[in-house]
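1. When you get a sec, could you give me coordinates for this:
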Amino acid sequence: MRNKWLYVFYFLLFITFTTYAQKDGNLNDTLPALAKEYIQSGHYEKADSLIHRLSERNDKKPSATLNITIQILKADLERAKGNHDRALQILKNIPLNRVEDDAIKAEYFYIKSKLAEDNNDAKRYVKKGIRLKKNIPLKGLTDLSGFYNSLGVYYRGLYKIDSAKYYYNKAIETAINIEGKPRIHEDIALFYQNLALPFAMQQDYEIAKKHMFKSVNILNQINKDKTDDLARNYLNLGRLYVFTGNLDSTSYYYDKVKKIRKKSAEKKPANLAIVYNNLGELQTAKFNMAKARIYFKKAQKLYKEADAKHDQKLQQIYLNLGFTYRNQEEYQKAIDYFKQALHSSNIITVGKAYRNMADCYFELEKPDSSDYYFKQAIAQFQSKKKRGRYDLGLTYIYYGNFLIDQGDDQALTYLKKGRNTLTKIFGDFHRDVSRSNTYIAKYYFQKKNYDKALSHAQKAIISSVNDFEEQNARVNPAVDKLSNKSHLITAISLKGQIFFQRGKEKQNPDDLETSFATFKTAIELINRVRLDYTYESSKLSITKRSQEEFSWILKVLKKLYHQTNNRKYLNEIFRYMEKSKAAVLLSSITESKAKITANLPDSLIEKEKWLRTRINGFKNLVYQERQKKTTNRNKKKIDEWESIIFRHQQQYDSLTEYIKKNYNQYYNLRMEPSILELDQVVN
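-> All right, here's what the predicted structure looks like:
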């Protein structure tokens, strides 16, 4: 079960985008607008001082309108400090039925939406505010564009991605066309940043980056100091590059954030904690769990030093620390951290902790405990069905997969529920939909219903490979169209296993030949993953998987040889045995050891790494662009990127030839260990 979790971890790398209210309130008295601005920028003492001044003014010359404005500002200040119960109590005491000013009523609903625990309730409140604001878009503390922006945030939280895009765009249009804001404005920058996230959720990373860069460019053109906003954008750009596999670019942007936030670390330790948390996530993506834990513990220390409103983020650190131990198969240590995350008041965090505990207990061969915690996770997510829809869908398919291993026929029910939930969110073309079809194929495989198993295995591949719609399970996609993802290797491998089992039982060489071809595809994909990985720890992680596939392909070839007595299969057996040994050799010899042995200069090894990283990064860009529908695909970009790949590949090939000629020992150790054919051995 372990391989599935790393993607879930990656998906969760995006923390919630900060949504700021607008700052251009058009009140006759500017003090409330200034107080609002201080609240938004985190200057709570200044905001409190201004609210106190407003209260003194109201005591001298009472005004019902000003009094309610003061109460709303007090509630907003308590919300910003993390005192949600106190903020709700303040709002509850406001006599809304006596409020005649629609701008104040709208602001009341706006703040109430931010205090709502459920995104559905938040959406309902902000829509009430929008109905009141439409006729007075420039009056009040928060402009109409801010309401639309918040509505986009709530729809995104409900995984209604197209609606989220619509309202973020609506915020941009309203700010420019109705409120008259210039295109170079901090609010426009915020809206473009937020617009990037739903595209990222749909795996349309290039459009996401385009919007994020637009936000960065706007902030860079604003004269006043916007370093905090820039840091937030750089942080999210780093996350986007994690998804496209360009971890060097991620490191670059995270370093920029760290430099900015270290300057204000004493006043805002939580901001620096976010950076360390993301650096920990980056090291997790590199499979460097020990270094990841160093960063997570730095973040943990800073969150503990910060105020109580960051407790929820502290619980996320416990989850992340648990991930690192689980990925190293230290399941009991992982469970200890997941248990700490159970203290969270956030139901989604608690549900994730339960789900991860269930996985660990499965690996520890404690199925009763695993079953119990899966059910606890499902109960948590069901209690927040709208907000926890994605996690509920994931938990259904993971629980279904667990039930397959227990021989429980309820597995299929949970798998289908999970697949339907995920399809409603993302459509048919998505890695989690692919994963659910893989598990359904596994269920039918266990039941020896090979036709249905093959049908769903093929659907799993179709769900992950663009421009591949071949329903005939005997057809495999070309390797250069495949993404370097473990869930796809799993689907292809499972298909190979199904053909092998059917071919063995029915004595059908055609099925065995298809199984052989399918496992060859899996091995080619694994080799491509190994070559594309820049980091040694990542390469080591793929070795175990490659040995599993070599073991399967040798089983298939052995059965083909016994059924046909054809010597060519004996040759293939020997060849793949040698390839298997070579793969182990490659994993056991690190670049540093090979470099020392061959006396290779640092400049050459760095150039080789740089070229591999660039090639891998642009391959990912091409892959992501090709995932789009033909009508939305940018052919010009694909051609440009493929041209860059071609140039870099030529440089890489030239460098390889140079190393082969001048540093042959390194070449043989790292790049192309020789494989003898059977006839060569006999001769």
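2. only C-alpha atoms for contact and neighbour calcs from this point on.
-> Noted.
3. where in the stretch 351-500 of the chain is pLDDT low?
-> For the stretch 351-500 of the chain, the stretches with pLDDT under 70 are 385-387, 483-485.
4. residue boundaries of the helices in it?
-> All helices of the stretch 351-500 of the chain, identified by DSSP state H, counting those that start in this stretch, fall at 367-383, 389-405, 411-426, 431-446, 450-462, 486-506.
5. So which elements touch the second one?
-> Packing partners of helix 389-405 (3 or more C-alpha pairs under 8 Å, 6 or more residues apart in numbering; DSSP states H and E): helix 347-363, helix 367-383, helix 411-426, helix 431-446.
6. contacting residues around that helix?
-> 158-159, 348, 352, 355, 362, 371, 374, 377-378, 381-382, 385, 409-422, 425, 432, 436, 439, 442-443, 446 (C-alpha atoms under 8 Å, 6 or more residues apart in numbering).
7. Also the shortest one?
-> Applying C-alpha under 8 Å, 6+ apart, the external contacts of helix 450-462 come out as 429, 433-438, 440-445, 468-473, 488, 491-492, 494-495, 498-499, 502.
8. rewinding a little: just the buried residues of the contacts of helix 389-405.
-> In the contacts of helix 389-405, burial by neighbour count holds for 158-159, 348, 352, 355, 362, 371, 374, 377-378, 381-382, 385, 411-412, 414-422, 425, 432, 436, 439, 442-443, counting by 16 or more other C-alpha atoms under 10 Å.
9. related to what we said a few turns ago, and the helices of the stretch 351-500 of the chain as JSON lines, adding distance to T324?
-> Below are the helices of the stretch 351-500 of the chain laid out as JSON lines (distance: least, C-alpha to C-alpha, whole Å):
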{"stretch": "helix 367-383", "distance to T324": "19"}
{"stretch": "helix 389-405", "distance to T324": "19"}
{"stretch": "helix 411-426", "distance to T324": "26"}
{"stretch": "helix 431-446", "distance to T324": "22"}
{"stretch": "helix 450-462", "distance to T324": "28"}
{"stretch": "helix 486-506", "distance to T324": "18"}
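10. closest to Y337 out of those helices?
-> Nearest to Y337 among the helices of the stretch 351-500 of the chain is helix 367-383 (14.9 Å), distances taken as C-alpha to C-alpha.
11. tally of neighbours for R183?
-> 13 (other C-alpha atoms under 10 Å).
12. now swap in G496 and tell me
-> Count around G496 with other C-alpha under 10 Å applied: 31.
13. And N472, by the same measure?
-> The burial count for N472: 11, using other C-alpha under 10 Å.
14. Next: the one 3 residues further on.
-> Under the neighbour criterion other C-alpha under 10 Å, V475 is assigned a count of 13.
15. contacting residues around it?
-> So V475 contacts nothing (C-alpha under 8 Å, 6+ apart).
16. Quickly note the distance from it to Q458.
-> 9 Å (C-alpha to C-alpha, to the nearest Å).
17. One more: S654?
-> 39 Å.
18. same deal with Q649?
-> 32 Å.
19. who has more neighbours, these two?
-> Q458 (27 against 16).
20. Which secondary structure state does P62 sit in?
-> Per DSSP: H, G, I helix; E, B strand; the rest coil, the local secondary structure of P62 is coil.
21. burial count for it?
-> 12.
22. now do K609
-> 17.
23. any idea which helix or strand comes after the helix or strand hosting it?
-> Taking DSSP states H and E as the criterion, K609 maps to helix 602-626. Remark: after helix 602-626, the chain's next helix or strand is helix 635-662, criterion DSSP H and E.
24. angle of that following helix against helix 602-626?
-> Angle of helix 635-662 versus helix 602-626, following axes from the mean of the first three to the mean of the last three C-alpha atoms, to 10 degrees, is 150 degrees.
25. Could you list the buried residues of helix 635-662?
-> So helix 635-662, judged by 16+ other C-alpha under 10 Å, has buried residues 638, 641-642, 644-645, 648-649, 652, 655-656, 659-660.
26. Quick one: low-confidence residue ranges for the stretch 151-300 of the chain.
-> 223-226, 245, 266.
27. how about 90 then?
-> Within the stretch 151-300 of the chain, the ranges that satisfy pLDDT under 90 run 157-161, 186, 200-206, 219-233, 236-275, 281-291.
28. residue ranges for the helices of it, please.
-> 161-173, 186-201, 205-221, 227-243, 247-262, 269-285, 289-305.
29. Would you mind saying which of these lies nearest I130?
-> helix 161-173 (11.7 Å).
30. What are the contacting residues of the closest one?
-> 144-149, 151-156, 188, 191-192, 194-195, 198, 201-202, 425.
31. Could you find the lowest-pLDDT member of the buried residues of helix 635-662?
-> Least confident of these in the model: K660, at 70.
32. State the distance from that residue to S654.
-> K660 is 10 Å from S654, by C-alpha to C-alpha.
33. go on, A292?
-> 36 Å.
34. again with T521
-> Counting by C-alpha to C-alpha, the gap from T521 to S654 is 27 Å.
35. Likewise for F296?
-> Taking C-alpha to C-alpha, one finds F296 at 41 Å from S654.
36. Do you have the helices of the stretch 1-150 of the chain handy? List them.
-> Under DSSP H, counting those that start in this stretch, the stretch 1-150 of the chain gives helices at 4-11, 31-41, 44-60, 64-81, 84-92, 102-115, 119-133, 144-157.
37. Please identify the deepest-packed of the ones you listed.
-> Most buried of the helices of the stretch 1-150 of the chain, by mean neighbour count (mean count of other C-alpha atoms under 10 Å): helix 144-157, with a mean of 27.
38. who's in contact with it?
-> Under C-alpha under 8 Å, 6+ apart, the answer for helix 144-157 is 19-22, 110, 119-120, 122-123, 126-127, 129-130, 133-134, 137-138, 161, 163-168, 170-172, 174-175, 191, 194, 198, 387.
39. My read is that L54 contacts I68, right?
-> No. Assessed by C-alpha atoms under 8 Å, L54 is found out of contact with I68, at 11.2 Å.
40. ok, back up a step: distance to D391 and mean neighbour count added to the helices of the stretch 151-300 of the chain, as CSV?
-> Shown next, in CSV, are those (distance: least, C-alpha to C-alpha, whole Å; neighbours: other C-alpha atoms under 10 Å):
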stretch, distance to D391, mean neighbour count
helix 161-173, 16, 21
helix 186-201, 14, 25
helix 205-221, 21, 20
helix 227-243, 19, 22
helix 247-262, 26, 19
helix 269-285, 19, 25
helix 289-305, 23, 20
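41. mind checking which of those helices is nearest Y569?
-> Short answer: helix 269-285, nearest of those by C-alpha to C-alpha, at 39.0 Å.
42. Measure how far that closest one is from the centre of its chain, please.
-> Computed by C-alpha atoms, centre = their mean, to the nearest Å, the separation of helix 269-285 from the middle of its chain amounts to 15 Å.
43. what helices or strands is it leaning on?
-> helix 227-243, helix 247-262, helix 289-305, helix 311-327.
44. Now render the ones you listed as TSV, adding distance to K210.
-> Below are those laid out as TSV (distance: least, C-alpha to C-alpha, whole Å):
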stretch	distance to K210
helix 227-243	10
helix 247-262	15
helix 289-305	29
helix 311-327	28
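45. L655 and L158: what is the separation?
-> 50 Å.
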